[in-house]
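Participant: I'd like to go over a predicted model; first the sequence, then the structure.
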Amino acid sequence: MPPAWTNALLKAAGAVGLGAFIGWLYGYAAAGALVGALAVMAAHFNRLFRLERSLRTRSRIQVPEGTGIWPQVLARIDYLKQRAKKHKRRHHRTLKEIRASTNAMPDGGIVLNEASEITRYNAAAERLVGLRPRRDRGQRVDNLIRHPAFVSYLRDGDYSDSVSIPSPLHDDGWLTCRIVPYGEGQRLLLVRDVTEQARLARMRRDFVANASHELRSPLTVIGGYLEAMAEDTELPDSWHRPVSEMQRQAARMKDILDSLLELSRLESGSEARKDSRVDVAALLREAVAEFAPPEGGPDVQLRLSSRARLYGNPVEIRSIIVNLLSNAMRYTPAEGRVALGWESGSEGAALTVEDTGVGIAEQDIPRLTERFFRVNRGRSRDDGGVGLGLAIVKHALSRHDGVLEVESRPGVGSRFTCRFPPTRLARAATVELTREERGTDRSAAG
Ligand code: ADP
């Protein structure tokens, strides 16, 4: 037994013994022992009472001198109390530092619970989104940020990307929102002010569009004079080649300007409207009839297995088809084959353009949709390639919520697949087409 306990027991026994002895002197030994025991109990109660009071009032515990049980218990409690106090102070300081650093962040951070309600946020979130402490804590975040793009981003649950929305506070402001899930059902919404980047992007777009527009008029005049020179019967023979080369280059410049203008137009608008039902199968037939040369080029097949119409812009869908088809024709030798397909199902629809042409090396595939990217610059230029076609395809597709997938093997061929989600389909079910409608070759397509 620890000495403190022995000491305490001895003291208690001593008090009872002393009480019994004094009682015995007066002829009441049992009563004396009881008084001694009561005195021991009273002393312990007194200690207990003082301990409870100092714990309750948070005052420092007075630890008496001595070797008994109470000094030991009190010293231990005092030590634990001081240690807890120190920890609390340290946690408090850390919390304050975290709060100060999150408040110093230029990006807004909003913590959302499972029900998308706001539980906490930093100072930047107040500034960027206009949150008010008393009013907005506990509110659903989509009651405060109501832009449809944000609402569907929050609802769809695919947070691999961010979403850009106009600022709810400033007319020209732009914000990007990104949700990062963590813990159990918790989500952190990060809000960044991208007004300046958006302004620069708009300036670049406007500059390219204005420059392209301004360059078209002088080019038309030059083209006109070149045409007149080419038709002039008195033109010296030595001029025929240079004039026709100049005409070719002027036409190429016009193609570049047209593509740049189309790209700026696609970039500046938001998503394509859904009020027009585009008959993709009909557009594919028309494109094949228009672009596939009757002979001397690769064989072109149509593989239509759906009648689904696409909600969107027919001019932009046609541009997608024409760009992909003209690439396939350009990069496929005359003895090769090109196939265009349109199919749909519960997962959405796919427009495919496949060829058995030169193919593309794996490392070049991710760069295909960059502006002016050409795998083989010299050769592509000779073929009339500008390097803007696939950039146009990508933008037109994203305006229709679609994505471009490219599979290719050098020397074997390429397949470009444009995938559209079911929400863009006017009739998503696959419909069996008649053999005549399906059309299997160029003559049927025409
Ligand atoms: P371009 O006007 O040069 O064809 P694009 O943006 O349409 O520009 O295409 C970019 C590059 O991708 C092309 O230069 C070409 O190298 C490659 N490419 C595109 N389509 C095909 C295809 N069907 N087969 C092989 N290479 C292709």
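Facilitator: Structure received. Residues are numbered from 1 along each chain as shown.
Participant: contacts, neighbours, all on C-alpha from now
Facilitator: Will do.
Participant: residues near the nearest residue to Trp24 once chain neighbours are set aside, how many?
Facilitator: Among residues not flanking Trp24 along the chain, Gly32 sits closest, at 7.2 Å (CA to CA, 6 or more residues apart in numbering). Residues within reach of Gly32, counting by other CA atoms under 10 Å, total 23.
Participant: What score does Gly32 have for pLDDT?
Facilitator: Gly32 carries a pLDDT score of 94 in this model.
Participant: Report all helices and strands that whichever strand or helix holds it contacts.
Facilitator: Using DSSP states H and E, Gly32 sits within helix 29-57. Judged by 3 or more CA pairs under 8 Å, 6 or more residues apart in numbering; DSSP states H and E, the packing partners of helix 29-57 are helix 3-25.
Participant: Can you tell me which residue is spatially central in this protein?
Facilitator: Nearest to the geometric centre of the chain sits Asp161, at 1.3 Å (CA atoms, centre = their mean).
Participant: From the ligand, how far out is it?
Facilitator: Applying CA to the nearest ligand atom, to the nearest Å, the value for Asp161 to the ligand is 24 Å.
Participant: can you tell me which residues contact Tyr331?
Facilitator: For Tyr331, the contacting residues are Gly357, Val358, Gly359, by CA atoms under 8 Å, 6 or more residues apart in numbering.
Participant: Output these in JSON lines; the columns should cover distance to Ala115, neighbour count and pLDDT.
Facilitator: As requested, the contacts of Tyr331 are exported to JSON lines (distance: CA to CA, whole Å; neighbours: other CA atoms under 10 Å; pLDDT from 0 to 100):
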{"residue": "Gly357", "distance to Ala115": "53", "neighbour count": "27", "pLDDT": "94"}
{"residue": "Val358", "distance to Ala115": "53", "neighbour count": "19", "pLDDT": "94"}
{"residue": "Gly359", "distance to Ala115": "49", "neighbour count": "20", "pLDDT": "95"}
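Participant: Of those, which are in range of the ligand?
Facilitator: Gly357, Val358, Gly359 (CA under 6 Å from any ligand atom).
Participant: Name the nearest of those relative to the ligand.
Facilitator: Nearest to the ligand among the ones next to the ligand among the contacts of Tyr331, counting by CA to the nearest ligand atom, is Gly359 at 4.4 Å.
Participant: Could you tell me which residues within the helix holding Gly32 count as buried?
Facilitator: Neighbour counts over helix 29-57 (16 or more other CA atoms under 10 Å) mark Ala29, Gly32, Ala33, Leu34, Val35, Gly36, Ala37, Ala39, Val40, Leu51 as buried.
Participant: Now distance to Asp299 too, for those, in a markdown table please.
Facilitator: Below are those laid out as a markdown table (distance: CA to CA, whole Å):
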| residue | distance to Asp299 |
| --- | --- |
| Ala29 | 125 |
| Gly32 | 122 |
| Ala33 | 119 |
| Leu34 | 117 |
| Val35 | 118 |
| Gly36 | 117 |
| Ala37 | 113 |
| Ala39 | 114 |
| Val40 | 111 |
| Leu51 | 98 |
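Participant: What is the nearest of the residues you listed to Arg399?
Facilitator: Comparing those against Arg399 with CA to CA places Leu51 closest, at 73.2 Å.
Participant: who touches the residue nearest to that closest one when sequence neighbours are not counted in this structure?
Facilitator: Spatial nearest neighbour of Leu51, excluding adjacent residues (CA to CA, 6+ apart): Ile61 at 7.1 Å. By CA under 8 Å, 6+ apart, Ile61 lies in contact with Leu51, Ser54, Leu55, Leu74, Asp78.
Participant: Make sure Ile61 is indeed in a helix.
Facilitator: No: Ile61: not assigned to a helix; according to DSSP: H, G, I helix; E, B strand; the rest coil it is coil.
Participant: quick one: it from the ligand, how far?
Facilitator: To the ligand, Ile61 is 80 Å away according to CA to the nearest ligand atom.
Participant: which residues in the stretch 151-300 of the chain form strands?
Facilitator: Counting by DSSP state E, counting those that start in this stretch, the stretch 151-300 of the chain has strands at residues 163-166, 174-182, 186-193, 277-278, 299-304.
Participant: Out of those strands, which is closest to Asn46?
Facilitator: Of all these, strand 186-193 comes closest under CA to CA, at 50.4 Å.
Participant: Quick check, pLDDT for the residue lying closest to Gly348 once chain neighbours are set aside.
Facilitator: Leaving out its chain neighbours, the residue that sits closest to Gly348 by CA to CA, 6+ apart is Pro422, at 4.1 Å. pLDDT recorded at Pro422 is 92.
Participant: Kindly report the same for Gly66.
Facilitator: 71.
Participant: before we move on, what about Arg427?
Facilitator: On the pLDDT scale, Arg427 gets 57.
Participant: again with Val322
Facilitator: Note on Val322: pLDDT of 94.
Participant: Where does it fall, secondary structure wise?
Facilitator: Using DSSP H and E, Val322 maps to helix 314-330.
Participant: Now render the buried residues of helix 29-57 as JSON lines, adding distance to the ligand.
Facilitator: Listed next are the buried residues of helix 29-57 as JSON lines, based on distance: CA to the nearest ligand atom, whole Å:
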{"residue": "Ala29", "distance to the ligand": "113"}
{"residue": "Gly32", "distance to the ligand": "109"}
{"residue": "Ala33", "distance to the ligand": "107"}
{"residue": "Leu34", "distance to the ligand": "105"}
{"residue": "Val35", "distance to the ligand": "105"}
{"residue": "Gly36", "distance to the ligand": "104"}
{"residue": "Ala37", "distance to the ligand": "101"}
{"residue": "Ala39", "distance to the ligand": "100"}
{"residue": "Val40", "distance to the ligand": "97"}
{"residue": "Leu51", "distance to the ligand": "83"}
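Participant: Of all pairs in the residues you listed, which one is the farthest apart?
Facilitator: Checking the buried residues of helix 29-57 with CA to CA, the most distant pair is Ala29 and Leu51, at 33.4 Å.
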